[in-house]
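Chemist: Take this sequence and fold it.
(one chain, ligands or ions: 3)
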Amino acid sequence: ISILAIESSCDETSASIIVNGKVLNNIVATQSVHEKYGGVVPELASRAHQENLIPVVQEAFSSSGVSKEQLSAVAFTRGPGLMGSLLVGVSFAKAFARSLDIPLIDVNHMQAHVLAHFIEDPKPAFPFLCLTVSGGHTQLVLVKSHLEMEVVGETQDDAVGEAFDKTAKLLGLPYPGGPLVDKYAKEGNPKAFKFPVTRMPGLNYSFSGIKTAVLYFLRDQLQTNPKFIEENLPDLCASIQYTLIEMLVIKLKEAVKQYGVKEIAIAGGVSANSGLRNTLAELARRKGWNLYVPKFEYCTDNAAMIAIAAHYKYLQGEFVGLDVTPLAKMKL
Ligand code: ATP
Ligand code: MG
Ligand code: FE
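Modeler: Ligands and ions are numbered 1, 2, ... in the order given. Take a look at the predicted model:
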């Protein structure tokens, strides 16, 4: 079984080839045009996908040695994501599959973030809990099998990655600010400033309050000391990061209790955060969890995760017709 997988949901154009469940490569073109706007500009993202997609696919073929005649199927991200971005990948996949007369496989991007754990060993055992933390989502997922998963808790407003990026922006850091908050936090005191921990009912999250709290806090401090941010950057980053991790961990612990599962995984771009990784590693030691953290290149958007998801769907015979359309919102 050889599958070409395409990812184009947001601002990464990516292609990957998987043969019999083994990912051969993961070619990613990151779009830098968005940096100066402080966030992803959908119109520019679509155009960049249009430019990058063919070169990325060509590199996937040449670096794997697989030829298009050897393919068994073409897979693509159907959603959730930016409509214009998704359309580029979906249209390409349809045309490519049609020209080779092979099946098409649609993949849910959030399911793929979870399945990134099956690209390499060690792989979590079922059932496991996956905390998916990315730029657009924050979900606690109970994973029963490769293709059966249930969202048991999620954010009711902003995603945690968004909270990282928006508070970073208030600190004057460039987009995306998450990795920079992580970097400065390493030299700061997480208890230097106290920001409110929002507690939602059940296993749900809310991350919109922290950016307002940080906004007002900074406004007050800057009135008396215009240099407050530059003098306190590491402490501010550490304190914000600490608060966000607290909120993530409180619900994760509740979910572990509720479902009696000790196999714990994290996925999505924010799982690159070193504070989150350290906190979870410490918790895992104390509580006897088996913790699974994917390689960095499989945390952020990539086509390898689409490829592994497509492999499992191929085994189940789950294909779609040429009338398939992308979905900006798509449930797990
Ligand atoms: P979604 O998957 O929900 O559609 P997305 O694909 O844009 O959203 P990812 O690419 O998985 O999201 O993750 C990007 C997010 O991860 C950004 O918000 C970025 O700031 C955040 N991020 C990346 N590295 C770190 C880090 N070390 N610490 C904190 N946040 C980080
Ligand atoms: Mg991205
Ligand atoms: Fe993503």
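Chemist: From here on, just use CA atoms for contacts and neighbour counts.
Modeler: OK.
Chemist: which secondary structure element contains residue 18?
Modeler: strand 12-19 (DSSP states H and E).
Chemist: list the contacts for residue 234?
Modeler: 184-189 (CA atoms under 8 Å, 6 or more residues apart in numbering).
Chemist: Please repeat the previous calculation with a cut-off of 6 Å.
Modeler: Residue 234 sits next to 184-185, 187-188 when contact means CA atoms under 6 Å, 6 or more residues apart in numbering.
Chemist: now swap in residue 291 and tell me
Modeler: Applying CA under 6 Å, 6+ apart, the residues contacting residue 291 are 264-265.
Chemist: Sheet partners, orientation included, of the helix or strand it falls within?
Modeler: Assessed by DSSP H and E, residue 291 sits inside strand 290-292. Within its sheet, strand 290-292 is paired with strand 263-267 (parallel), according to DSSP bridges.
Chemist: and the strand holding residue 18, average pLDDT?
Modeler: Averaged across strand 12-19, pLDDT comes to 98.
Chemist: hmm, that strand in reach of ligand 1?
Modeler: No: residues of strand 12-19 contacting ligand 1 under CA under 6 Å from any ligand atom: none, with a closest distance of 7.9 Å.
Chemist: From the chain's centroid, how far away is that strand?
Modeler: Counting by CA atoms, centre = their mean, to the nearest Å, strand 12-19 is centred 16 Å from the centre of its parent chain.
Chemist: Ligand 1 contacts on the stretch 51-200 of the chain?
Modeler: 81, 134-137, 161-162, 164-165, 176-179, 182.
Chemist: CSV please, covering the residues you listed and showing neighbour count, pLDDT and secondary structure.
Modeler: As requested, those are exported to CSV (neighbours: other CA atoms under 10 Å; pLDDT from 0 to 100; DSSP: H, G, I helix; E, B strand; the rest coil):
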residue, neighbour count, pLDDT, secondary structure
81, 23, 97, coil
134, 23, 95, coil
135, 21, 93, coil
136, 18, 93, coil
137, 21, 95, coil
161, 24, 97, helix
162, 24, 96, helix
164, 26, 98, helix
165, 25, 96, helix
176, 21, 91, coil
177, 24, 95, coil
178, 27, 97, helix
179, 19, 96, helix
182, 22, 98, helix
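Chemist: Helices of the protein, start to end?
Modeler: Applying DSSP state H to the chain gives helices spanning 42-64, 83-100, 109-115, 160-170, 178-185, 208-224, 228-259, 274-287, 303-315.
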